[in-house]
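Asks: I need the structure of the sequence given here:
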Amino acid sequence: MGQASFFLVSKKYLSYIFVFSLSIFIKFLPILILVWGLSFVAQIIVERKLQFHFTLPQAILVVLYLLYVIGIFWSSNERAAMFALEVKLSLVVFPIMIGLDRAFFKENITGILLFFVAGIIASSLICLSTAIWESSFFLPNGFSFNTIDPKFAEWSYGGSRFRYLGLSRFLHPTYYSFYVLFALVVTLVLLKRRIFSNKYLLLWLKMSIPLFILMIYLLSSKAVLISALIIFIVFSGIIYRRYNNKFIKFFILFLSLVFIIVALKNPRFEEIVKAVNNPELLTDNSRDGSFISRIHIWKAGVDIIEDNFLYGVGPGDTNDELLIRYKNYKYKDPLLKKSNAHNQYIETFIDLGLIGFFVLLSALFVPFFSYERRNILFRFFLFIIGFNFLFESILNTQAGLVFFGFFYSLLSIVDEDDIRKLSA
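Replies: Coordinates of the predicted model:
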């Protein structure tokens, strides 16, 4: 095997290891990304060939990062601003890596997607198995199975080891939830393409669908549950139009109704229902992470935007400004936990002002409404991310940035025709 072939194989399997590890070994990803990136540089040196292709969406990500660099100049807290740049490196690293070897990623897109799905299956089984093990007690008088975890007993879903933080072992449950939802969409798209003839692989993919639906429900992220419902309705509509059999159409409608009712019965929606029925609750402080508390946090964020509309306060000062507002409005829990804006649109507007907000919207809407590529997977990804931006500052965390930066850059270069049988 020549040097070029060695680096090609290294890149391929490092890519697979990376996407498999996203939901399990998040703490080790910076080292893995570094080694992976060096394999690209090494191949360029060996082959003495440099080809660089940016798609428009990738260019938008780089522009967004450059705005954060410029934002340092009007940030009072320079240390926090520099940390923000370090955290957001994924916005520029992945567009560059994928732009350096576009042909490689187009050739290996199917394998990358399969290994991502495999990683989500593995992490889901580990989470469920751990919950079962920790709920099992071997007592002198016999076996006992108790799912209640005293650490989370005050939560509306009873502190179950099979819910939310009690279940998610590797990531915050909200982030893990949209990882799982994206894996579900990937699985459905791969099956829709009908590119696999291996019956065991097909069985593996089909069996993962109920597993992912179960995990989404148990993880109980309100935003992901709602976005999952919307995606489920879209896919049901596609299937409904495809078949003329009345029984199949009735079954799809019945299943859709059951799915919606079951999802909305999740205890995590109870607080939203209470707030809608009792608007006066919005004037009360609430625990961090709750729906009512988010309303208060968003109010504080909008106030900062109104005072710093054009340029924002700079990426280093956003948290400081939010804490000042929490203190002024007597929001105890957001102040105690130093909560971010819990909304990426508001967060970016506070960071960078109107221009940054416009660039962020461009990153979502330009590729979504572009018909140059036939890429339903990219549009579903943008919907999942864009919808969850409403409830989380996803680009403030490693788990959010790595996932977003990589798959956004990857899916911007492919179309459905690139998703084909694995090469030998």
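Asks: so where is the stretch 251-400 of the chain shaky, pLDDT-wise?
Replies: 251-256, 259, 262-291, 371-374 (pLDDT under 70).
Asks: all helices for it, in order.
Replies: Listed in chain order, the helices of the stretch 251-400 of the chain (DSSP state H, counting those that start in this stretch) span residues 270-277, 291-307, 318-329, 332-337, 344-368, 376-388, 398-411.
Asks: dump the helix or strand hosting Leu61 to PDB, restricted to CA.
Replies: Here Leu61, judged by DSSP states H and E, is contained in helix 56-71. Extracted in PDB, the C-alpha atoms of helix 56-71 (Å, rounded to 0.1, in the frame of the first residue of the first chain):
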ATOM      1  CA  LEU A  56     -22.100  28.900  -0.400                       C
ATOM      2  CA  PRO A  57     -23.400  27.400   3.000                       C
ATOM      3  CA  GLN A  58     -19.800  26.600   4.000                       C
ATOM      4  CA  ALA A  59     -18.800  30.100   3.200                       C
ATOM      5  CA  ILE A  60     -21.600  31.500   5.300                       C
ATOM      6  CA  LEU A  61     -20.300  29.500   8.300                       C
ATOM      7  CA  VAL A  62     -16.800  31.000   7.900                       C
ATOM      8  CA  VAL A  63     -18.300  34.500   7.600                       C
ATOM      9  CA  LEU A  64     -20.200  33.900  10.900                       C
ATOM     10  CA  TYR A  65     -17.000  32.800  12.600                       C
ATOM     11  CA  LEU A  66     -15.100  35.900  11.200                       C
ATOM     12  CA  LEU A  67     -17.900  38.100  12.700                       C
ATOM     13  CA  TYR A  68     -17.100  36.500  16.100                       C
ATOM     14  CA  VAL A  69     -13.400  37.300  15.600                       C
ATOM     15  CA  ILE A  70     -14.300  41.000  14.800                       C
ATOM     16  CA  GLY A  71     -16.700  41.000  17.800                       C
END
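Asks: what comes up buried for the following helix or strand past that helix?
Replies: Next helix or strand after helix 56-71 toward the C-terminus (DSSP H and E): helix 78-87. Buried residues in helix 78-87, counted by 16 or more other Cβ atoms under 10 Å: Ala80, Ala81, Ala84, Leu85, Val87. Heads up, the C-betas are built off the backbone N, CA and C, glycines and all.
Asks: ok, stretch 21-28 next?
Replies: The neighbour-count check on stretch 21-28 (16+ other Cβ under 10 Å) flags Ser21, Leu22, Ser23, Ile24, Phe25, Ile26 as buried.
Asks: nearest to Ile96, of the helices of the stretch 251-400 of the chain?
Replies: Shortest distance between Ile96 and those, using Cβ to Cβ, is found for helix 398-411: 8.8 Å.
Asks: following the helix ranked longest in the chain, which helix or strand shows up next?
Replies: The longest helix of the chain (DSSP state H) is helix 109-135. Proceeding N to C from helix 109-135, the next assigned helix or strand is strand 136-139, under DSSP H and E.
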